[in-house]
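*Asks:* Below is the sequence, then the predicted model.
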Amino acid sequence: MGGGWTQQPLPSASQSAASHSIGETVTLEKNGGTAHSSLNRLELAAYQDNSTILGEALEGAESRLASPADSIHSLPEQGCLDCVTAPTNWIYWKSTSVSGAWLPGSGNQMGTADVRISGKILFSKFEGAFITPRYQAYLLNGPAQTDVPGALHYAYVNFGSYFPLSDRWLGMVSVAPGVASDFHTGSSKQIRITGVGMLIFRQTEDRHWSIGVTYLDRDDVALLPLFGVSWSPNERTRVELVFPRPRFKYQLSKSGDCEKWGYLGAEFGGGSWAINRANGTDDVVTIREYRLLGGVEHKLPQERSWFWETGIVLGRSLEYSSGIGNYNPATALLLNAGFTY
C-alpha cells in the first residue's frame, strides 16, 4: 500500500515520473513475498560514533539519496497484474543495534568501557518518520586523582523525520530529549535535549551537499555547524567530507547480498553528565575527545551487519562546571565492535 506524503492527487502510471510524493511500497508476488522500498535501494557502510544523533541523521540521508534522482518523489509501481498488495503494520520495530568500545587505562590513566544498545522504530504510512530509543553506559576506570563517578549513563529517545522539498532537496529534523547523569543526582542539569536540522541537495546521483546545524547541549560545545559534500567516484568508493564527521569508505568485496566495507573516519566524542561529587555536591562533568578511526563492516542479508574498528583518541579532557578536579587524560588506543540485527 502507498504511504507517506502526497503533494497532489495520485496520477496515472503515465504521469508518475512527474509526481511529487514520497512513499514505500510492499508487494507480495504470487510465488512468494518480496518487499522493496524506492528510497532505500542501497545502504553504504556505516559505523557507530559518539555523535550518535548526527550519525543517525547522515546515515539516514545517504540511504535515501543513494538511489536514482527521481526516487525521492517516486510513486508505487503501477500496472502489476500478477501481484497483490499486502497490508503492513503502521508501526514496526526495524532493527536493534548493540556495540561497545574500550580504552585501556588504570591508576591516573583514565580508561573507559562504553556499552550501547539502541533500536529503530519506523512507520509504514509515514516513511520518512522514525523513532530511535538508545541507552549508553560509560564505565570509567580511574583516574585516581579525581572523584569522577565510575559509571555515567545516557538514555534518550530520538524523534525525527525526513521530508522532500523538491526533486533535488531533502530536509531533515530530529529532536532527542534524554537524561545524562550518574543516576545519583537530582539536578535538573541531567536533562539534555539534542537535535539536528539539515538540508541535503542532490547535485547529481553520486554527489550530495549537506548544510545544517547540530545541537549537542554540552557544557563545552552547545552547537556545531554541519556542512560538506559526499560523493562516489565509482560504485565501490564513497567520500564524505562532511564536518564534523568526515569518512572515507571502500567496498572490499561483494558476494550476492553480502558486502564488506573498509573505512577511515574522524569524530568528535564525549558528552556532559550531571553528577554527585564525593562531598555530596551536585556538579556537571564534561568529557571531550577526538577520535581517528579505521575499521571494517560486514553487511549481510535482511539488513543485518556487524563491524569492528580501532583508532586513536586524542585531545582528551575531563572538566567540571565547578572547575575543581579538571584533568587531561593521555592519548589512548580504541577498540570498538558491534552488530545490528
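*Replies:* Perfect, thanks for sending it. Only a predicted model underlies this, so the values are computations on that prediction, with no experimental measurement involved.
*Asks:* what about the nearest residue in space to residue 160 that is not next to it in sequence, distance to residue 199?
*Replies:* Once flanking residues are discounted, residue 160 sits nearest to residue 174: 2.9 Å by C-beta to C-beta, 6 or more residues apart in numbering. The way it works is simple: take the backbone N, C-alpha and C, and place the C-beta from them, glycine included. Applying C-beta to C-beta, to the nearest Å, the value for residue 174 to residue 199 is 13 Å.
*Asks:* Among these two, which residue is more densely surrounded?
*Replies:* Between residue 174 and residue 199, counting by other C-beta atoms under 10 Å, residue 174 is the more crowded of the two (24 against 16).
*Asks:* where do the helices sit along the protein?
*Replies:* Along the chain, the segments classed as helices by DSSP state H run 52-65.
*Asks:* Please enumerate the strands of the stretch 201-341 of the chain.
*Replies:* 207-215, 223-234, 237-243, 247-255, 258-276, 282-300, 304-320, 332-340 (DSSP state E, counting those that start in this stretch).
*Asks:* So which of the ones you listed is nearest residue 184?
*Replies:* strand 258-276 (4.5 Å; C-beta to C-beta).
*Asks:* In this model residue 156 seems to touch the residue nearest to residue 160, though I could be wrong.
*Replies:* No. Residue 174 is not in contact with residue 156 according to C-beta atoms under 8 Å; the separation is 10.8 Å.
*Asks:* Residue 227: what's it in contact with?
*Replies:* Applying C-beta atoms under 8 Å, 6 or more residues apart in numbering, we find residue 227 in contact with 210, 211, 212, 242, 243.
*Asks:* Columns distance to residue 104 and mean pLDDT on top of the strands of the stretch 201-341 of the chain, output as a markdown table?
*Replies:* Listed next are those as a markdown table, based on distance: least, C-beta to C-beta, whole Å; pLDDT from 0 to 100:
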| stretch | distance to residue 104 | mean pLDDT |
| --- | --- | --- |
| strand 207-215 | 30 | 95 |
| strand 223-234 | 29 | 94 |
| strand 237-243 | 29 | 94 |
| strand 247-255 | 25 | 96 |
| strand 258-276 | 16 | 95 |
| strand 282-300 | 14 | 96 |
| strand 304-320 | 11 | 96 |
| strand 332-340 | 7 | 96 |
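*Asks:* how about CSV for these, with distance to residue 160 added?
*Replies:* CSV is the format used below for those (distance: least, C-beta to C-beta, whole Å):
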stretch, distance to residue 160
strand 207-215, 12
strand 223-234, 14
strand 237-243, 17
strand 247-255, 21
strand 258-276, 19
strand 282-300, 23
strand 304-320, 21
strand 332-340, 18
